[in-house]
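In: predicted coordinates and the sequence they were generated for:
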Amino acid sequence: MSEPTWVAPEPAHTDPPIVADEREMLVAWLEFHRALLLKKCAGLTAEQLKERSSPPSSLSLLGLVRHMSDVERGWFRQLFADQDVPDLYFTEADHDADFNDIADADPAQEFEIFAAECEAARQIIAAAPSFDALAPKKTRRGNIMSLRWIMVHMIEEYARHNGHADLIRERIDGAVGDWD
């Protein structure tokens, strides 16, 4: 089998500020973690991006990118902005389709979707009057979430999954660390 020619691009990187107001700090940390996930994918082929971490886990770097696209959409567009957009991968038949259905996934398209969801979220965050703003609809558990809670949760979600990405990337080619 010949090696796919597509290679994940290298993201831009900026360290979060050490001193900043709440909005600048939370936005910077979210951007840092978005870029870090892309960094873990940079330079890898489509085949490598689809490699599973270890059986029986369905985790892969491409699955993580797809998952975070759905998470960005869910928290910012569907819940906070109350946009009527469908889930990207989640289905009633397979809640983990973002991880499970990657065999025929096109990485270039998946990275474009990720970029679009991040950009949509950036616009929603920028338009919010404050992090005290509340989502107009309830979560599946019946909670009304503030933008502050969503921001902190998204940073936590990326941090957790970037830990997974660290291990997957190290398994693929031995690369470790963030930006050196």
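Out: That came in fine, so what should we check first? Numbering: from 1, shown residues only.
In: was I right about Ser58 contacting Asn100?
Out: Yes: Ser58 is in contact with Asn100 according to Cβ atoms under 8 Å; the separation is 5.4 Å. C-betas here are computed from N, CA, C, even on glycine.
In: and Ser146, how far from Thr139?
Out: In this view, Ser146 and Thr139 are 12 Å apart by Cβ to Cβ, to the nearest Å.
In: in this structure, spot the helix with the most residues.
Out: helix 147-173 (DSSP state H).
In: so how far is that helix off the chain centroid?
Out: Remark: helix 147-173 is offset 8 Å from the chain centroid, using Cα atoms, centre = their mean, to the nearest Å.
In: do the same with stretch 125-136
Out: Counting by Cα atoms, centre = their mean, stretch 125-136 comes out at 20 Å from the chain centroid.
In: do the same with stretch 80-87
Out: Put simply, stretch 80-87 sits 17 Å off its chain's centre (Cα atoms, centre = their mean).
In: which residues are contacting it?
Out: Stretch 80-87 is touched from outside by 70, 73-74, 77-78, 124, 128, 133, 135-137, 145, 147, 150, with contacts defined as Cβ atoms under 8 Å, 6 or more residues apart in numbering.
In: and the residue most central in space within the chain, how far from Glu117?
Out: Residue closest to the mean C-alpha point of the chain, counted by Cα atoms, centre = their mean, is Met68 at 2.8 Å. When distance is defined by Cβ to Cβ, Met68 is 8 Å away from Glu117.
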